[in-house]
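Visitor: Sharing a model that was predicted from the sequence below.
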Amino acid sequence: MTTPIKKYLLLGLISLTSSFPTWAADTPNTVSTQPAKMTLKVGYLPVLDHLPLLVSQVHDNETFQHIHIESKMFKSWDEMVGAIKANVVEAAFILSPLAMDLFNQGLAIQTILLAHRGGSAITVKHDLPIQTAIDLKGKAIAIPYRKSTHTALLNYYLGQHGLSLADVITKVIAPPNMQPAMQQGSIDAFIVAEPYGSKAQLDGVGKTLVLTKDLIPHHVECIVIVKRDVLTKYPAAIQEWVASLIRAGQWIEQDKTKGSHQVAELTAKKSLPHSATMIINSLQHPTDRISYADLNPVVADFQTIVDISKQANILEDVNLKAFINDHFYRQAQTQEK
């Protein structure tokens, strides 16, 4: 006879059915010696670069077998760096040059996946006669962080026209504060992740000068990093999460190319402080402004970012073979076949 307590325990072992039938992960028929679930605290910023984290969390967090994600939003990269160093978070969606610089400083982290490709723009004040990089000479330009892909890309763009960062005035401003700074007249332009460029244009404050995807096609920007001891201690949990993030990226791609609004419905005014209109506009105009289709952390792609970051004097050489851990991505691809 089954006691009420045993009956309750049996019911608790029944896996939940996802509301996304094609989404649920295939789980290996192996016995794990790890705890049933570990909690991973993950930092992110309110930018669309980090959508795979948020979509994965909504879709899979309740049905994960090995991991539970607790996401924490930060308003600036300085805040996130402090949280990583203080072990407030064990993982993060973060700027690639910043992550590589932290790695060079001795922080025990590795990147396991890209967050996206492309996704940023140089936005200039709507009433300024700025048409090319030449017109940026002497202008005040906001960047989200000194050691950022944006700084490197800005220098790269200027360099194509015989200029460099020395020819402009760069100001580090947190992404949410860039449009207000432009409206107040303290900056003439900014380079940052979406939806801030799209919002400035839609609000009539700014206009797009160039999309970064058109500077270096399919370039790496934000990446996923995890503390090395977590990767070592909880490989099954991280593997489950990586597979979910890859699916999330594919789902976002399908959603935006079909003109659907499900991504916005999941995140607007919830995990992101942006309106559905802002998210939809950023993802669909154009649909290739930012890509989540290929999250493979390839050494050659990172080397490109290292090279342009070195040109901008914001990064030194990085041991990419030690920094990049593509095992989880490769394993996820094998499981899909």
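Guide: That came through, no problem.

Visitor: in a strand, that's where residue 225 is, yeah?
Guide: Yes. According to DSSP: H, G, I helix; E, B strand; the rest coil, residue 225 belongs to a strand.

Visitor: What is the burial count for it?
Guide: 30 (other CB atoms under 10 Å). Quick note: C-beta positions are derived from backbone N, CA and C, even for glycine.

Visitor: can you check the one 3 residues further on too?
Guide: Applying other CB under 10 Å, we find 14 other residues in the vicinity of residue 228.

Visitor: thought it was touching residue 111?
Guide: No. If you go by CB atoms under 8 Å, residue 228 and residue 111 don't touch, sitting 10.9 Å apart.

Visitor: Please enumerate the strands of this protein.
Guide: With DSSP state E as the criterion, the chain has strands at 38-44, 67-73, 91-95, 109-114, 117-118, 120-125, 140-143, 169-172, 189-193, 206-211, 222-227, 290-291.

Visitor: Could you pull out the buried residues of the longest helix along the chain?
Guide: Using DSSP state H, we find that the single longest helix of the chain is helix 235-257. Neighbour-count burial for helix 235-257 flags 235-249, 251-253, 255-256 (criterion: 16 or more other CB atoms under 10 Å).

Visitor: Let me know the pLDDT of the nearest residue to residue 118 once chain neighbours are set aside.
Guide: Distance criterion CB to CB, 6 or more residues apart in numbering; nearest residue to residue 118, sequence neighbours excluded, is residue 213 at 3.4 Å. pLDDT, the model's per-residue confidence, is 97 for residue 213.

Visitor: hang on, the earlier thing: put together a markdown table for the strands of the chain, with distance to residue 60 on each row.
Guide: Shown next, in a markdown table, are the strands of the chain (distance: least, CB to CB, whole Å):
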| stretch | distance to residue 60 |
| --- | --- |
| strand 38-44 | 13 |
| strand 67-73 | 8 |
| strand 91-95 | 15 |
| strand 109-114 | 15 |
| strand 117-118 | 22 |
| strand 120-125 | 27 |
| strand 140-143 | 34 |
| strand 169-172 | 35 |
| strand 189-193 | 24 |
| strand 206-211 | 31 |
| strand 222-227 | 15 |
| strand 290-291 | 21 |
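
Visitor: Residue 52 and residue 248 touch, don't they?
Guide: Yes. Using CB under 8 Å, residue 52 is in contact with residue 248, at 4.2 Å.

Visitor: so what sits against both of these two?
Guide: residue 292 (CB atoms under 8 Å, 6 or more residues apart in numbering).

Visitor: rewinding a little: which neighbouring elements make contact with the longest helix of the chain?
Guide: strand 38-44, helix 51-60, strand 67-73, strand 109-114, helix 262-267, helix 276-284, helix 327-336 (3 or more CB pairs under 8 Å, 6 or more residues apart in numbering; DSSP states H and E).

Visitor: I'd like to know which elements the last one is packed against.
Guide: To tie it back to what came earlier, the one meant is helix 327-336. Short answer (3+ CB pairs under 8 Å, 6+ apart): helix 327-336 packs on strand 109-114, helix 235-257.

Visitor: can you list those in CSV and add distance to residue 181 and mean pLDDT?
Guide: Output for those, formatted as CSV (distance: least, CB to CB, whole Å; pLDDT from 0 to 100):
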stretch, distance to residue 181, mean pLDDT
strand 109-114, 29, 98
helix 235-257, 29, 97
